[in-house]
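**Student:** no sequence on hand, only this structure:
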């Protein structure tokens with residue numbers, strides 16, 4: 001454990017690790033996607049854009065469209081014509097997890113009702129109850145995790161695909177792709193070792209996954225604001241989980257599948 005204590009002394013002076021905010025733009029067929037922050041929500045947004053382009057083709061929509069998905073304390077999903085170029089634009093601002101199916105249902109609703117809705121003003125999705133069979137058919141198409149943002153290379157040896165409103169995880173470089181874990185949604189993923197990875201379901205719950213084994217953890221502390229975590233590899237037995245937004249450090253025992261919370265307080 002002496003090696004761990006040395007790492008602690010370094011981390012005490014390096015707790016403000018930057019969770020970098022950026023603006024990224026991608027083009028997927030007729031969809032222009034603009035999104036922010038280097039985390040897995042970018043990949044989810046890219047999957048959304050791929051599906052949205054399929055949806056436009058299925059509905060015979062010939063014009064280009066924009067999706068703006070930003071992470072902020074505000075919370076809304078709206079649509080209107082862009083004041084500058086007149087394109088149909090969807091604005092999502094939210095810290096919560098992206099719901100791909102809900103977003104696609106909103107796009108479907110706006111497109112089929114475009115002629116009777118005043119899109120010169122923002123139209124809110126909060127009262128939308130429609131769920132379209134076409135959307136269900138489209139998300140039955142398997143969509144692999146994108147590999148376009150090199151800053152998201154913290155997930156190695158494993159990957160996932162989205163299908164039927166679920167995320168399915170599997171190991172890479174095997175003769176046969178076998179699903180070993182699936183979840184309806186998640187916040188963050190990290191490789192821990194070559195045979196283990198973490199899936200953060202939210203700020204306070206995460207799963208340690210290895211082959212067909214899963215160990216679930218729930219952290220005791222709960223704050224009012226959202227955070228992300230970074231992994232700090234120690235060795236095959238231990239890893240640290242450190243929060244970006246607060247002075248929290250968790251020791252993960254990979255052999256015994258246990259955690260020690262608030263590890264700074266041990267010193």
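**Tutor:** Sure thing, it's come through. Since this is a predicted model, take the numbers as computed values, not measurements. Residues are numbered from 1 along each chain as shown.
**Student:** residue 122 touches residue 83, doesn't it?
**Tutor:** No. Residue 122 is not in contact with residue 83 according to C-beta atoms under 8 Å; the separation is 11.2 Å. (Each C-beta comes from the backbone N, C-alpha and C, glycine too.)
**Student:** neighbour count winner among those two?
**Tutor:** residue 122 (13 against 8; other C-beta atoms under 10 Å).
**Student:** ramachandran coordinates for the more buried one?
**Tutor:** Main-chain dihedrals, residue 122, degrees, to the nearest 10: phi -60, psi 130.
**Student:** could you check how far it is from residue 239?
**Tutor:** From residue 122 across to residue 239, the span is 44 Å (C-beta to C-beta, to the nearest Å).
**Student:** do residue 39 as well
**Tutor:** Using C-beta to C-beta, we find residue 39 at a distance of 19 Å from residue 239.
**Student:** quick one: low-confidence parts of this structure?
**Tutor:** 1-21, 222-225, 245-247, 264-267 (pLDDT under 70).
**Student:** mind redoing it with 80?
**Tutor:** 1-22, 37, 153-154, 212, 221-226, 244-247, 262-267 (pLDDT under 80).
**Student:** which parts of the stretch 101-250 of the chain are helices?
**Tutor:** For the stretch 101-250 of the chain, the helices defined by DSSP state H, counting those that start in this stretch cover 133-138.
**Student:** burial of residue 53, as a residue count?
**Tutor:** Neighbour count of residue 53, defined by other C-beta under 10 Å: 18.
**Student:** which residue sits closest to it, ignoring its sequence neighbours?
**Tutor:** In space, and not counting its chain neighbours, residue 53 is closest to residue 29: 3.6 Å by C-beta to C-beta, 6 or more residues apart in numbering.
**Student:** hmm, residue 107 is touching residue 55, no?
**Tutor:** Yes. With contacts counted by C-beta under 8 Å, residue 107 reaches residue 55, the gap being 6.1 Å.
**Student:** tell me how many other residues surround residue 62.
**Tutor:** Neighbours of residue 62 under the rule other C-beta under 10 Å: 8.
**Student:** typed the wrong thing, it's residue 197
**Tutor:** 24.
**Student:** show me what it bridges to in the sheet.
**Tutor:** Beta-bridge partners recorded for residue 197 (DSSP bridges): residue 191, residue 209.
**Student:** run through the residues that contact it.
**Tutor:** With contacts defined as C-beta atoms under 8 Å, 6 or more residues apart in numbering, residue 197 is in contact with 155, 157-158, 169, 189-191, 208-210.
**Student:** and the strands in the stretch 101-250 of the chain, which stretches?
**Tutor:** With DSSP state E, counting those that start in this stretch as the definition, the stretch 101-250 of the chain shows strands at residue ranges 123-124, 143-144, 158-163, 166-171, 179-183, 188-193, 196-200, 205-210, 213-218, 229-233, 238-243, 249-253.
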